[in-house]
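# All I have is the shape, not the residue letters:
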């Protein structure tokens, strides 16, 4: 058997860092060689991620161990760019960045980044040395639109999406106080969510000249994990034609599945899957999509990208038991 | 002081029946003279509604006590029509029907029904003898649209709404099993919700000739009470003009409040309020509305209608402590 | 009609302050004359308590308006004592303190405090000028034990209780982060909860010489409101005798009800009720009690105490609609 | 590589059947050869377990495919005994029964059953042909008591436990209606839970002559997965001695971990782990334990037993990513 990949994580104390650790600890083809966290250096991982008690004796480190094949950057927005400037990594280390710092074509020194949505860019990812991992809402919305864009059929989009509290990160804030958020729903960043930029780029990659609006209203949900999006789009084709279009588009993508039945969020929570379902009434198509925001929307997709970049099986380490209930 | 109204409830064992009981027991101008339920006749109310233990010694009755000034019908859809056919009520008894049986202009014998949305029909309600109480989603959506329709500005609507599990009634079913619904989100009746008909009627009452679509995607939420709706509509006017339009429209409506701030669902849960907030980006207006589906969306609005019909203060018995947390 | 009581609140920006506002705004015999909050002075109440939008135009004040008949202190533990030292109140103003500062017999200047558990001290409360309002867990546990103590039957107690997140206050902290607390259960202050002291005092008031342990394990629950306690106690008497004992003890207490049926927490949430149910197996009695921690466990009981102190009906302003679902 | 075990499931449409499927589909040493369900025969697994969409094309079968090495019985209580009577299995097939039918020494024909709690009976399990898999509460409670019993130190136990809704199975019933259960807590089977019998047997196996009561109050929790138990027991030894006792007892048990820190339920949800923490105050020891009721409390422990019976690594197929948030 080939030797295992040496993999490190920078920013291992946050939610996406923790999920990346969880996935890599159980990944059959990987050795987790370091987990970087300045503030937690020297402490065992399970002090920050107490569910890992009994799973590993690794401790957080304050330096980047040399020799890594792949380094995941699980840092806040703006911090990845800064980290790469201040910490020159070995040239051979592939980088997968989970922030939004490089999703719109930005570079860092000699490193240029491929937008890591396998459903859009799989072959480019397979050849890439640096990946800008997509945003969570961006993933859920795009997967609902790309087949239409590929066919040149995409028109103005009216989308509403709901996200779990983990989407807001682990920092304490009023909108993640349990007392406020339990049993509550609210809108935020109405029509102005930052992910609209990366969605726009992807759509135009497939349907050049697309100029209509993507109107998106994000909601805060009263659950911890998951994103559910319903997008309304005018479409001439029949539901059968549209379903066929989507199925063909996703035929080679193991995590993205077009369901004949209605879908619900918990079908995908704690997995790397993206489920879609299509409905049509009159001239309006509605596409529903569901992902786990921390997995297909962040750390799971990052590992999927690692698998693709490194020639591993795309699903390696990602056959996860759903929470289901 | 004037003598109290004599009021009865038919179908007192369900959710809306229970909420109507709770409101009427504490209403200062009302005596609850009977609560009808065939299957529970003879049993104390608190056997079916255990939160009422200690609040009342009333029992369910299997007949309609004579002399009622107002009778609330809290029956399933289709059952109100049948009940009125089979149980001729005294002519003097005003009827408030919470089902959808009479919302589209249907009559029952000599009884013709006014659509009981005070924000649309207050003066007609004040003169009415029979009220068809609006649907819960219908209330939340309409309140977001009526000021535009009144001004002749309403265009195609793209709305998503989420509802608590009480919207599905107390019957056991797969989609209200706790194990399935907890932490889950799903869409249902996409673009085909039955409330679209009553919404269409109301909109055309204010903006005759309105012919565009009201595209509505309802979601099942993982909470018990409340409805939150976000509607996207193209609008030329400025946000300030639109807010002024809404404020003016609702100036005389004590429960319907246009907020300058963003709103959240729990501001209204366990109250009869409807909160609105407006946001605008480019040419798109987004109207967010929040109600408690069982109160402003059902029993609270029914009591509000009773107050209006009977010359009581509109808010009598409806100054409710919100759950807030 | 007699003129209304003039009532003020100190510390109106927290959870118990907010609940006290909500109750007093709707109380028929009271005028809320000021709500003190240093940090929010000048701002409308609904900026801090957004559910009050449309209910009141009151603003927070940074001084104590003279002439108050009753002042509620809704301050943190330790702050009430300090506040009374630094802000000499008019002698005629009755004080109801919701902190734990005066529950064990402490005084402040000429003010000595009656422990405000009506089920224990109703006649003393009726004559009192100053009330130390009981703790939330203390209320729930005591109500389950007092009838036994009165009869001299209380023995060692093994109790487990679970509390909603509002019990931890509005300060942001790790254990009230939604992401952590949703769907989670944990124990804290095992056998060392601070309320054990006031419970011990009350028990010995009724059963002098009681020296056995009250072993109490508190749990954090994944809900916002409510306390549920199950206490196991050895008891010789039959279940019927014990139920009779409890019913007799609570016969004159309108909010405390012994149920023949099993009880659940939501029977009391958003009300001032305390429900009890008793079960027996072998020589072990189990007493289950349920309250809303912010109402019967704090602000509701404070208003109940005001009613008693001021000669109002005990239930005035406290006939609240439960959330029930 | 050795050939894979052939494994089948009887009763694959319920909760424990579904979890067993999820585990076996990803188990590296196993081929799932049939999933029996009379009512669903012919339908794909994902029709009943929609989270499996895209994971497998297996269909339910109405017969027992020959050649199975291990058969899991995921049937209701009473049904396993009946099934074995009516469906003679091949003698070579090992049986793991998840019902309570064989936990107290019952036999079925030539099949006698070992009680499958690895922490109690590991070496017997390794030699067993038939396993009676423990109950969920039974597992959580026993793991908290066994080290004391082994040392002859166990005295009367006062335990309270809370369970997720999956513990009640998938049948629709009032206590699993979302509207009722959300944000609710209630007690049931107070001091009479059926698992007390198997707990008593295990305790006496280690501490013969133990005759004190195990007083247990089970609560229904407002979450789907997990059990948390706090047990109070008088104990003379110091906390350090007791912790050492527990650590030594569990040293060879990979899933059962004594934490130095306080524990919370979500550390174990969606894993096969059992976490314990010990606290002491005066002469009272409190043991907190947490498991996932469907995994360590059912299907996960069943697979663990299979691993032990079949000479596989004890943790094979059971290194599961926790839900954590």
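Noted; the coordinates are in hand. Treat the numbers as computed from the prediction; the structure is a model and nothing was measured.
# what number of residues lie near residue A:35?
30 (other C-beta atoms under 10 Å in any protein chain shown). (Glycine included, C-beta is placed from N, CA and C.)
# Over to residue A:290?
28.
# residues contacting it?
Counting by C-beta atoms under 8 Å, 6 or more residues apart in numbering or on different chains, residue A:290 touches A:140, A:226-229, A:263-265, A:267-268, A:274-275, B:185.
# my read is it is in a strand, agree?
Yes: under DSSP: H, G, I helix; E, B strand; the rest coil, residue A:290 sits within a strand.
# separation between it and residue A:320?
With distances taken as C-beta to C-beta, to the nearest Å, residue A:290 is found 15 Å from residue A:320.
# again with residue A:152
Separation of residue A:152 from residue A:320 (C-beta to C-beta): 35 Å.
# What's the separation between residue A:225 and residue A:297?
Distance from residue A:225 to residue A:297, counting by C-beta to C-beta: 9 Å.
# cool, residue A:126 as well?
In this structure, residue A:126 lies at 21 Å from residue A:297, with C-beta to C-beta as the measure.
# more neighbours, these two?
Counted by other C-beta under 10 Å, residue A:126 and residue A:297 do not tie: residue A:297 has more neighbours, with 28 against 16.
# and chain A, which of its residues are near chain C?
For chain A, the residues in contact with chain C (C-beta under 8 Å from any C-beta of the partner chain) are A:15, A:165-166, A:170, A:172-174, A:176-183, A:222-224.
# Just the ones of those residues in helices?
Using DSSP state H, the members of these that fall in helices are A:15, A:178, A:179, A:180, A:181.
# wait, doesn't the fourth one sit right on residue A:174?
Yes: counting by C-beta atoms under 8 Å, residue A:180 does reach residue A:174; the two are 6.3 Å apart.
# So the two - more neighbours on which side?
Higher neighbour count among residue A:180 and residue A:174: residue A:180, with 23 against 10, using other C-beta under 10 Å.
# Next up, the contacts around that one.
By C-beta under 8 Å, 6+ apart, the contact list for residue A:180 reads A:174, B:264, B:266, B:325, C:178.
# try it again with 10 Å
Residue A:180 makes contacts with A:173-174, A:186, A:220, A:222, B:264, B:266, B:324-325, C:165, C:170, C:176, C:178, C:224, as judged by C-beta atoms under 10 Å, 6 or more residues apart in numbering or on different chains.
# Need the worst-confidence member of those residues.
Among the contacts of residue A:180, residue C:170 carries the weakest pLDDT, at 91.
# Give me the phi and psi angles of it.
The phi/psi pair for residue C:170 (degrees, to the nearest 10) reads phi -90, psi 0.
# Please enumerate the strands of the stretch 101-250 of chain A.
Counting by DSSP state E, counting those that start in this stretch, the stretch 101-250 of chain A has strands at residues A:107-108, A:111-112, A:114-115, A:130-132, A:157-163, A:186-187, A:214-220, A:227-234.
# Pairing partners for the fourth one, with directions?
In its sheet, strand A:130-132 lies beside strand A:94-97 (parallel), strand A:114-115 (parallel), with partners assigned from DSSP bridges.
# roughly how far is it from the heart of the chain?
On the basis of C-alpha atoms, centre = their mean, to the nearest Å, strand A:130-132 is displaced by 12 Å from the centre of the chain it belongs to.
# what's the answer for the longest one, then?
The chain centre lies 18 Å from the centre of strand A:227-234; the measure is C-alpha atoms, centre = their mean.
# same thing with the second one?
Relative to the chain's own centre, strand A:111-112 is displaced by 20 Å; criterion: C-alpha atoms, centre = their mean.
# packing partners for that strand?
Strand A:111-112 sits against strand A:94-97, strand A:130-132, with contacts defined as 3 or more C-beta pairs under 10 Å, 6 or more residues apart in numbering or on different chains; DSSP states H and E.
# now with 6 Å?
The contact analysis (3 or more C-beta pairs under 6 Å, 6 or more residues apart in numbering or on different chains; DSSP states H and E) places strand A:111-112 against no helix or strand.
# For that strand, which strands pair with it and how are they oriented?
strand A:107-108 (antiparallel).
# what comes into contact with the partner strand?
Strand A:107-108 is contacted by residues residue A:84 when judged by C-beta atoms under 6 Å, 6 or more residues apart in numbering or on different chains.
# For stretch A:253-264, which residues meet the burial criterion?
Within stretch A:253-264, the residues scored as buried using 16 or more other C-beta atoms under 10 Å in any protein chain shown are A:253, A:254, A:255, A:256, A:257, A:258, A:259, A:263, A:264.
# what does stretch A:143-157 give?
By 16+ other C-beta under 10 Å, the buried positions in stretch A:143-157 come out as A:143-151, A:153-154, A:156-157.
# Any part of it near chain B?
No: using C-beta under 6 Å from any C-beta of the partner chain, stretch A:143-157 stays clear of chain B, coming no nearer than 9.4 Å.
# what's the span of that stretch, first residue to last?
The first and final residues of stretch A:143-157 sit 13 Å from each other (C-alpha to C-alpha, to the nearest Å).
# Give me the distance between that stretch and the centre of its chain.
Stretch A:143-157 sits 20 Å away from the centroid of its parent chain (C-alpha atoms, centre = their mean).
# And the contacts of that stretch?
For stretch A:143-157, the surrounding residues in contact (C-beta under 6 Å, 6+ apart) are A:119, A:203, A:206-207, A:210, A:212-214, A:231, A:233-234, A:245-246, A:249, A:256, A:274, A:287, A:289.
# Kindly list the longest helix within chain A.
helix A:136-150.
# for the closest residue to chain C within chain A, what are its contacts?
Distance from chain C to each residue of chain A (C-beta to the nearest C-beta) is smallest for residue A:172, at 3.8 Å. If you count contacts by C-beta under 6 Å, 6+ apart, residue A:172 has them with C:172, C:177.
# Apply 8 Å and report the result again.
Contacts of residue A:172 by C-beta under 8 Å, 6+ apart are C:172, C:173, C:174, C:177.
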